[in-house]
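Asks: next one to model:
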Amino acid sequence: MSHPTTGPLRFNAFVMNTTSHIQHGQWRRPDAQQHRFNDVRAWIDLARTLEAAKFDTMFFADVSGLYGDADADFDVYLREGLQIPSNDPTVLLSALAVNTEHLGFATTSNVLQNHPFNFARQISTLDHVSGGRIAWNVVTGMQDNGARNYGHDRVTEHSERYRWAEEYVDVVYKLWEGSWDEDALVQDKERGVHAEPGKVHKIHHRGERYRVEGPHLPSPSPQRTPLLFQAGSSLSGRRFAARHAEAVFLVSPSPALAAEQIAETRALAVEAGREPGDVTFYQGLSFVVGSTEEEARTKAAEHDEHISVDGYLAHSAVVDRTGRVYPPDTPLKDVRTDGARGFAEWLSKHITDREPVVADLARQRATSQRLVGTPEQIADRLQEWRDAGVDGINVVNWVIPGSFEEFGDHVLPVLRERGLAQREYAEGPLRQKLFGAPRLNERHPAARYRGAFGPGRGAGGDPGAAAVPAPARPVDQVRTS
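Replies: Predicted structure coming up:
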């Protein structure tokens, strides 16, 4: 099922409150400032830079634990600054919101790390603070170490994590959409009524993992439910995205393969009662820009000199059972790591004059989603992604702030001339800027909780009842590495 993408592409600045996020080793460059991640002023400056360039969203990735074998040493992560140390992005967003006017802010929080009642309250608070510019990247967690940090022996089995996520979003939807009627907060000084008691409701959620009585403590924020991002690529993840997500992250090796994933997910969305355009798609790409092609290639070679093979391999969990990164000259066929098998097969098709080694894998990770060229050449390539159905780009930086400054100063003007980037922000909350309305549409599963509570309306009148039947649970057992 095709869905032609029209209008400008959307652009997210893909960052993390840490030193080495995606492009490992680049923090050592003299022009790199990502090692200042503890300094809130660095993030405020970057947010203002992104807003001046008319980026749509500043998107913060996050994890709740270390990569790799949880029982192995973690020296490589500390040496590389590889997502440790890192700070909580949700806390940071308040400072950024009050220093900007239009830029959206997305935080990543997995279902393991925060109880849904508390998380819903935090997000509503941020949505109030920002005037409705908050998004949530819904993730289920993937590190055993992260699971242990919250009292579990290991990460929950893949499809079961999505069953968990189904209940989690069910709870927060009830709080965000159903606990307060739209006109409940009156603040009537003459009558002495702050909120109408009959229009604020307990939700009385009782499920497999959570019992939440409510009511939601914040009053309705501009968006109620934040804009919803999701990045799952497995069958369970795509089904979850089709039901819940408004924006899906892709890391596709080509526009053609992206088109296939987009078509599959949109077909699943239609099966779930939504429309194809209810779900949008963002491809992750990095950029090396030059005034000439030769200059761009020279700059790319300079980037390559700073690539940390150990960093990329550790991030990809290409480590042995003791947690040590395999030596760079180790043949990929000798690596005993499930995550490297597919890449070994891929590299063997592209490197035919010798045996691929782990250093090849690291360099492939660094450059596979990289566009190198003049602004005009990069605009040509981005047109190809849009023609494939991609709605936006997650811009992956090499250095902060330089990568975003370079993209904003040189690439975005060319894209605007071609109608591929916005010239000005639309008014209103983030969802209104992107979808034309500040609230989730009636086809989204969260919408069923509007007016679902209170006397005579389901759970509000019966503490033991669910207001609406629980959503369908994914039954597939698909795993992804």
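
Asks: from here on, contacts and neighbour counts on C-alpha atoms
Replies: OK.

Asks: residue boundaries of the strands in the protein?
Replies: 10-16, 57-61, 104-110, 134-139, 185-188, 193-195, 205-206, 211-212, 227-230, 247-250, 280-289, 370-373, 392-396 (DSSP state E).

Asks: and these as TSV, adding mean neighbour count?
Replies: Below are the strands of the chain laid out as TSV (neighbours: other C-alpha atoms under 10 Å):
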stretch	mean neighbour count
strand 10-16	23
strand 57-61	24
strand 104-110	24
strand 134-139	25
strand 185-188	13
strand 193-195	13
strand 205-206	20
strand 211-212	16
strand 227-230	24
strand 247-250	22
strand 280-289	24
strand 370-373	20
strand 392-396	23
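
Asks: export these to TSV and tack on mean pLDDT?
Replies: Converted to TSV, these look like this (pLDDT from 0 to 100):
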stretch	mean pLDDT
strand 10-16	98
strand 57-61	98
strand 104-110	97
strand 134-139	96
strand 185-188	98
strand 193-195	98
strand 205-206	98
strand 211-212	98
strand 227-230	97
strand 247-250	96
strand 280-289	97
strand 370-373	97
strand 392-396	98
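
Asks: may I see the ones you listed organised as TSV, with distance to A300 added?
Replies: Converted to TSV, the strands of the chain look like this (distance: least, C-alpha to C-alpha, whole Å):
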stretch	distance to A300
strand 10-16	20
strand 57-61	25
strand 104-110	29
strand 134-139	31
strand 185-188	55
strand 193-195	59
strand 205-206	53
strand 211-212	52
strand 227-230	30
strand 247-250	23
strand 280-289	6
strand 370-373	7
strand 392-396	14
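
Asks: mind checking these for the one nearest to V309?
Replies: strand 370-373 (16.8 Å; C-alpha to C-alpha).

Asks: just checking: what are the partner strands of that closest one?
Replies: Take DSSP bridges as the rule and strand 370-373 pairs in its sheet with strand 280-289 (parallel).

Asks: lowest average confidence across helices and strands of this structure, where is it?
Replies: helix 341-350 (a mean of 60; mean pLDDT, DSSP states H and E).

Asks: buried residues in stretch 428-436?
Replies: Neighbour-count burial for stretch 428-436, counted by 16 or more other C-alpha atoms under 10 Å, picks out 428-435.

Asks: what mean pLDDT does it get?
Replies: The average of the pLDDT scores along stretch 428-436 is 98.

Asks: check contacts around the closest residue to D409 other than its chain neighbours.
Replies: Leaving aside its sequence neighbours, D409 sits nearest to A53 (C-alpha to C-alpha, 6 or more residues apart in numbering; 7.5 Å). By C-alpha atoms under 8 Å, 6 or more residues apart in numbering, A53 lies in contact with 408-409, 412.

Asks: taking the buried residues of stretch 428-436 one by one, which sit in helices?
Replies: Under the assignment DSSP state H, these contribute 430-435 to helices.
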